[in-house]
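Engineer: Mind looking at a prediction? Sequence and model below.
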Amino acid sequence: MARIVMKFGGTSVGDMDRIRNVAHRVRAEITAGHQVAVVVSAIAGVTNRLVAQCRQLARTQMPWFDGEYDVVVATGEQVTTGLLALALRDSGVPARSWQGWQIPIRTNEAHGKARIDSIDSAPLLAEMAEGSVPVVAGFQGIGPDGRMTTLGRGGSDTSAVALAAALAADRCDIYTDVDGVYTTDPRIVARARKLDRITYEEMLEMASLGAKVLQTRSVEMAMKHRVPLRVLSSFTDTPGTLVCDEDEIMEHHLLSGIAYSRDEAKITLTKVADRPGIAAAVFGPLADANVNVDMIVQNISEDGRTTDLTFTVTKADLERAVAVLRASRDFTFERLIPDSNVAKISVIGVGMRSHAGIAQTMFKALAERGINIAVISTSEIKISVLIAEEYTELALRALHSAYGLDAV
Ligand code: ASP
Ligand code: MG
């Protein structure tokens, strides 16, 4: 007997037939003798609509300021828990719904983007021991002030992994509308392949560098608590992708995948005075304004006095970043050049730790297509480059074949 957390995303519970289909999947695990807790998202599209409604009425305040936003958007998940509990009972499986505050799932006070502090597993374990299925609302928690909180968009993945950790589950199955994690986006590269296994670290890079199958924080949490994670489709019976420890993967490919993001923008400052403390002077005010800086390059200065500085921020932060830099009196520069026409392409793989020449393959493949690289950054298991946005597709396809990832 295994203890399993099954999580179903918005499209998997997209209508009443699909919710019935989910109930059948849960019943199959129960019939096989397992203990199951389920975590659900809101029906696809519902959260977007609720967020838009909040925005309409909260034109002058941050809608997520004190929890009214959370009260509104958390209703999406509440509906699904009740519907699925009904469908489960209808198929002969005892079940009940749980809202985040009822368990409780305790979070910090950051309404709209709360982080989970603790989960009381006792009531759920008791229910499962009696053969009933707890159907838990993803995305929801309760803050120190006793008011509802939500975990940020895509947060029910994190709810599921946190619950799996709290219940000491044998695994957490994330059911979605794709049948696993692919080497790259199959909508762009037709020969993308589904991965049987991927390490936590690689998945973390994939998620934070643009692959949208799992919320980044859920992978972080799975890695920290060593929760084996499966990503699989609720519409097919294919085995999906297992996210696991490195030593559970027998044979590594050089690369696991290629991610891309069009969410970044580039800022160049020319002729910044080159003196100790200049980076602190430039990036300090940005940090204070909550602007996240990602890639950074600074040139050596030819004349010993000035240098050029290029870095990236999210597209959403570009305007704010430019305003902050222009307002700063702590450094001077000649020109500030913002550019939102960029994409970041990243190749990812733990094989990089032990193999040389991986970067060269990337640079050569891009050069052969005449694609210029604006910024490069690396970590132990990834290399990212910034290129002009219009070359995104071409670059992905070129790199996918250059690294031998194409399906045969
Ligand atoms: N319903 C929430 C959202 O759309 C949480 C989730 O589905 O993960 O962001
Ligand atoms: Mg999701």
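Structural biologist: In hand now; what should we look at? Ligands and ions are numbered 1, 2, ... in the order given.
Engineer: before we move on, what SS does the nearest residue to Met1 once chain neighbours are set aside have?
Structural biologist: In this structure, Met1 finds its nearest non-sequential neighbour in Gly33, 5.1 Å apart by CB to CB, 6 or more residues apart in numbering. To be clear about C-beta, it is placed using only N, CA and C from the backbone, and glycine gets the same treatment. Under the three-state scheme (DSSP: H, G, I helix; E, B strand; the rest coil), Gly33 adopts coil.
Engineer: Around ligand 2, which positions in the stretch 101-250 of the chain sit nearby?
Structural biologist: Selection of the stretch 101-250 of the chain residues close to ligand 2 by CB under 5 Å from the ion yields Gly154.
Engineer: For the residue nearest to Met1, give its distance to Cys54.
Structural biologist: Noted for Gly33: a distance of 44 Å to Cys54, by CB to CB, to the nearest Å.
Engineer: Give the residue from the two that has the larger number of neighbours.
Structural biologist: Higher neighbour count among Gly33 and Cys54: Cys54, with 17 against 8, using other CB atoms under 10 Å.
Engineer: Help me confirm that the more buried one comes into contact with Ala74.
Structural biologist: No: with contact defined as CB atoms under 8 Å, Cys54 does not count as touching Ala74 (11.6 Å).
Engineer: ok, and what's touching stretch 271-283?
Structural biologist: Counting contacts by CB atoms under 8 Å, 6 or more residues apart in numbering, the residues outside stretch 271-283 that touch it are 269, 293, 296, 298, 301, 304-309, 311, 325, 328, 330-335.
Engineer: shaky segments in the stretch 1-150 of the chain?
Structural biologist: Applying pLDDT under 70 to the stretch 1-150 of the chain flags the ranges 61-65.
Engineer: Which residue does it have closest to ligand 2?
Structural biologist: Checking the stretch 1-150 of the chain residue by residue against ligand 2 with CB to the ion singles out Gly9 as nearest, at 4.6 Å.
Engineer: which residues touch that residue?
Structural biologist: Counting by CB under 8 Å, 6+ apart, Gly9 touches 41, 44, 156, 174-177, 234.
Engineer: Most neighbours out of these, which is it?
Structural biologist: The most crowded member of these, judged by other CB under 10 Å, is Ser156 (30 neighbours).
Engineer: Can you name the residues that contact it?
Structural biologist: Ser156 neighbours (CB under 8 Å, 6+ apart): 7, 9, 39-41, 77, 138-139.
Engineer: what's the spacing between the residue nearest to it when sequence neighbours are not counted and Asp170?
Structural biologist: Leaving aside its sequence neighbours, Ser156 sits nearest to Gly138 (CB to CB, 6+ apart; 2.4 Å). As for Gly138, its distance to Asp170 is 20 Å (criterion: CB to CB).
Engineer: if you count what's nearby, which of these two comes out ahead?
Structural biologist: Using other CB under 10 Å as the criterion, Gly138 and Asp170 rank with Gly138 on top: 31 against 15.
Engineer: shouldn't that one be in contact with Lys7?
Structural biologist: Yes: applying CB under 8 Å, one finds Gly138 in contact with Lys7, separated by 6.7 Å.
Engineer: Overlap in contacts, those two.
Structural biologist: With CB under 8 Å, 6+ apart as the test, Gly138 and Lys7 both reach 39-41, 156-157, 159-160.
Engineer: Considering only these, which also neighbour ligand 1?
Structural biologist: Checked against ligand 1 using CB under 6 Å from any ligand atom, these yield the following neighbours: 41, 156-157.
Engineer: Which members of the residues you listed occur in helices, if any?
Structural biologist: Among these, the subset assigned to helices under DSSP state H consists of 156-157.
Engineer: ok, now how distant is Val93 from Met128?
Structural biologist: Distance from Val93 to Met128, by CB to CB: 12 Å.
Engineer: Correction: the previous question concerned Ile198.
Structural biologist: The gap separating Ile198 from Met128 is 29 Å, by CB to CB.
Engineer: Neighbour count: these two, which is higher?
Structural biologist: Counted by other CB under 10 Å, Ile198 and Met128 do not tie: Ile198 has more neighbours, with 27 against 18.
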